[in-house]
Structures are given as C-alpha cells and as structure tokens.
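Novice: Starting from these lines, generate the structure:
(chains A and B)
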Amino acid sequence: MDAEALICDRLALALRRIDLAPSYRNLLLSVGQDYLQMQFDRFKASEPPVCLPFLCCEANGVNPLRAVGVTTSWFLLQTSAHMLDKVEDHEPALPGLSPYGQGICTNLSTGMMFVAEWILNHLELDCIDAGAAWDIQRAFHETVLSVCSGQHLDLSVPLPDLATCWEIAQKKSGSAFGLGCYVGARVATNQTDRLLHFDKFGTAVGTIVQISDDLKDLEADAIKQAGNHTLSPMANAYLSYLGLSGQDPIYSGFGPKAQTDSLQNSLILYLRLEAMKYAEIGRSELRAIPLAKEPHERILKMLNYLSWLGVAVN
Amino acid sequence: MTLATVAYRISTDVSFAELLQMNAEETLRQAGITLEKAEKKALETLLALPESISKAGNYMLTTEPWAA
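Specialist: Below you'll find the predicted structure:
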C-alpha cells in the first residue's frame, strides 16, 4: 500500500470537486504534497507518524484503505496547524512558501481546514457508515478546539511552570495525535474500550513529538546564549522547578562552562526520560487490547524510533 | 515531574549517578524519591543503555531528523 499516494489522491480528488481558483487549488495541492513528502523523507527507520491512522485501523484487523479519508483529513489539519503556528511565530513555514506573505499562508491554512472538512463529509467514499462518520467528525471538532486551547495557553502564559508546560504539550500535540489514533481505530471498530486505549496511546505519542520540539528549542537556546538570554518556556520551567533562575549566569552562558553544560545536559536528560516515560505509557495502552500482530509491531517500531531515536527498547 | 529531580541529580552529582547505576531502587529510596511505574520503567531503560550515565545528556543535544 502506497500511503503517500493514497493521501495525495484523496486531497487531489477533494480539490477537483470544489470550485476553486486554479492557482489556489494548485497551491493547496503542492503545499500538501511538499509537507507529506517531507514526512516520508525524514523517516527511514520507521513509517512516518502520518501513517498512524492507517496502522491503527489495520491493527484492529480491518483493511487500512478504510482509513484514507480520516488520514488525509488528519494530515491536512496537522499541516494547517503547522502553517498557522509559523505565522504566529513569524517564522517561514516551508522553503517553497517563502515568496508568499503571511496573508497567503494564513489563507492556505484556512483552506486546508475546510478541505479536511469536505473529506470528512464524504467518508462514504471509504464505506464508513453514517454513525461512525458522525462520531469521527465530532472527535475532529472537539480535538481542534482542545489544540486551540493549548495554543492559547502557549501564547498567553508568559512563564508557565513545569506542570503547565506538560498540560500545554498534552493539549496541543498530545490530543492531536490522540485524535489520529482514535479516528484510525474508529473506522474499524465501535468498541469504546479499544478506542479509549488508542486515544491514550496517541496522546502519549504526541507528547513525545512535543518533547522533540522542546529539544529543538534547546538547540536554539544554546546557539543564542551569547547574545540573547531568553530561554524556551520548558527550559525556564525546568530551572524554576529546581529552584534555579534562567537569569542565573550559570545557565545563561556566563558561568563556569562545566556548570552550564551540566545544567543543559540535565534538562536534555530530563526530556529524554519523559519521552521514555510516555513511550512506556503508550506501550501499556496497546498491551491492554488484542491487536493484529504485524501492524502492532510496526506501531511499536515507530514509537521506539520516536522515543529513543531508533534504539530498540523492547 | 519527579524525573526532573532525578535528571538533575544524575547530571550534577557523580556519586548519586554511580549509586543509581548500581542499585537504582535503593538509591532512590535513600534520596526520598518515589517514581511512578512508567517513570521507573523509563529510568530502567536509560540505565540499561551503555554509557547512559557517563554520557548523561551530552550525546543528546541533536534534534531528531524528523522534528518539524
């Protein structure tokens, strides 16, 4: 099964069916294809996270082709959120989008949300019954609001404490990935307990993805230490939790190098341990339900890769 | 969040890190640190990796190739 082609084809189908200016249609399609290709290019040791709905469907013993619509919608919402995030942070979204201003990027992002909505309104293409389709749409809408709520906290709380940082991580990436796993399983089953385990598993995966983002922020912190002493929210929260301050010369790069390094290393180690913890939570969710062996193993491979950079921990 | 304390102690207290490597449960008990099941499993996984403590966070400051 060529997951990348299936997603692109469904996106192209939706765009053909909607009355759009050709240039807008072409840009939506090319940006979607670029984002998708980026994910597949980045992942060599396991399948990319965009395949999670397919895998969750298959793990429930159902042909993953039933998950084409929900996977495509989920992917479009992720892409849309990523683009909006970049606009809010005044950062470029994709190299290919650099010629376009924030207005065009925001409008593309809005368009992607409604293309996702169109696809969700046509789940009959995947033989999904009306009841399941209604529940899938409900899950999408509620999760998008949860992600917006997390983003609001992220943008509006100037110095969140450690507990708030994790709350934000779970509301943003956690619930988004919980949705991907829930809807992937939902096209295959209506058993509430199974769906709940998939939702929780996805939340753990999404939190790990957020941890990776935090590690990236740490890299940025390390680079700008010499001139700019503004630390990422997670770094600040971690130091506060330990009773230290981000303004402390030790952390801001003007203290003894050994001390600065050991503090930075301890934060990286902390994030790494949290990633391993969430991986364990994810594994225990999947252990609680019987699953088809081969897709189950592929999901675990992805989880291991995400949580420990490809080192097998099972 | 107790893992924050553990990570800090590992990185800044060599003797704590060594004791943890030898007998994690006893070392945590003596330090008054109680971990939840998943936290304990995460720490065990870390400790089982070769040179996990001696390298601490040094080798980790690289963003994953898949990070957006």
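
Novice: My guess is residue A:133 contacts residue A:120. True?
Specialist: Yes: here residue A:133 reaches residue A:120: they are 7.4 Å apart, a contact under Cβ atoms under 8 Å. Glycine gets a C-beta too; all of them are placed from N, C-alpha and C.

Novice: Please identify the buried residues of the host helix or strand of residue A:212?
Specialist: In this assignment (DSSP states H and E), residue A:212 forms part of helix A:192-224. Under the neighbour-count criterion of 16 or more other Cβ atoms under 10 Å in any protein chain shown, helix A:192-224 has A:194-218, A:221-222 buried.

Novice: after it, next one along is what?
Specialist: helix A:233-241.

Novice: tell me the average confidence for that following helix?
Specialist: The average pLDDT for helix A:233-241 rounds to 87.

Novice: And for stretch A:264-278?
Specialist: Mean pLDDT, computed over stretch A:264-278, is 89.

Novice: go on, stretch A:165-172?
Specialist: 89.

Novice: what does that stretch contact?
Specialist: Outside stretch A:165-172, the residues within contact range by Cβ atoms under 8 Å, 6 or more residues apart in numbering or on different chains are A:146-147, A:149-151, A:153-154, A:157, A:160, A:203, A:206-207, A:210-211, A:214, A:233-234, A:237, B:1.

Novice: ok, and the closest non-adjacent residue to residue A:157?
Specialist: Using Cβ to Cβ, 6 or more residues apart in numbering or on different chains and skipping the chain neighbours, the partner closest in space to residue A:157 is residue A:164 (6.2 Å).

Novice: Can you give me the neighbour number for residue A:284?
Specialist: 16 (other Cβ atoms under 10 Å in any protein chain shown).

Novice: What residues does the stretch 51-200 of chain A have near chain B?
Specialist: For the stretch 51-200 of chain A, the residues in contact with chain B (Cβ under 8 Å from any Cβ of the partner chain) are A:82, A:162-163, A:166.

Novice: same thing but at 6 Å, please
Specialist: Neighbours of chain B within the stretch 51-200 of chain A, by Cβ under 6 Å from any Cβ of the partner chain: residue A:162.

Novice: Sketch out the low-pLDDT regions of the stretch 51-200 of chain A for me.
Specialist: Along the stretch 51-200 of chain A, the model assigns pLDDT under 70 to residues A:92-99.

Novice: Name the residue of it that lies nearest to chain B.
Specialist: Nearest residue of the stretch 51-200 of chain A to chain B (Cβ to the nearest Cβ) works out as residue A:162 at 5.4 Å.

Novice: right, and that residue touches residue A:241 too?
Specialist: Yes: using Cβ atoms under 6 Å, residue A:162 is in contact with residue A:241, at 4.5 Å.

Novice: all helices in the chain, in order from the N-terminus.
Specialist: Reading this off chain A. A:3-17, A:22-42, A:52-59, A:68-88, A:102-120, A:130-156, A:162-169, A:175-186, A:192-224, A:233-241, A:249-252, A:257-287, A:293-308 (DSSP state H).

Novice: wrong chain, I was asking about chain B
Specialist: Per DSSP H, chain B carries helices over the ranges B:2-12, B:14-22, B:24-30, B:37-48, B:52-55.

Novice: Now do the shortest one, average pLDDT.
Specialist: For helix B:52-55, mean pLDDT is 58.

Novice: Please state the offset of stretch A:82-95 from the chain centre?
Specialist: Once both centres are worked out by Cα atoms, centre = their mean, to the nearest Å, stretch A:82-95 turns out to sit 15 Å from its chain's centre.

Novice: Show me what counts as buried in stretch A:9-29.
Specialist: Buried residues in stretch A:9-29, counting neighbours by 16+ other Cβ under 10 Å, are found at A:10-11, A:13-15, A:25, A:27-29.

Novice: Centre of the chain to it, how far?
Specialist: On the basis of Cα atoms, centre = their mean, stretch A:9-29 sits 24 Å off its chain's mean C-alpha point.

Novice: Just the CA atoms of it, as CSV, please.
Specialist: This file holds the C-alpha atoms of stretch A:9-29, laid out as CSV (Å, rounded to 0.1, in the frame of the first residue of the first chain):
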residue,chain,number,x,y,z
ASP,A,9,-5.0,11.2,-4.4
ARG,A,10,-7.7,11.9,-1.8
LEU,A,11,-6.5,15.5,-1.5
ALA,A,12,-6.5,15.9,-5.3
LEU,A,13,-10.0,14.4,-5.5
ALA,A,14,-11.4,16.8,-2.9
LEU,A,15,-9.8,19.8,-4.6
ARG,A,16,-11.2,18.8,-8.0
ARG,A,17,-14.7,18.5,-6.6
ILE,A,18,-14.7,22.0,-5.0
ASP,A,19,-15.0,25.2,-7.1
LEU,A,20,-11.7,27.0,-6.5
ALA,A,21,-9.5,29.4,-8.4
PRO,A,22,-6.9,27.2,-10.3
SER,A,23,-4.0,29.0,-8.7
TYR,A,24,-5.4,28.4,-5.1
ARG,A,25,-6.2,24.8,-5.9
ASN,A,26,-2.7,24.2,-7.3
LEU,A,27,-1.0,25.8,-4.3
LEU,A,28,-3.1,23.8,-1.8
LEU,A,29,-2.1,20.6,-3.6
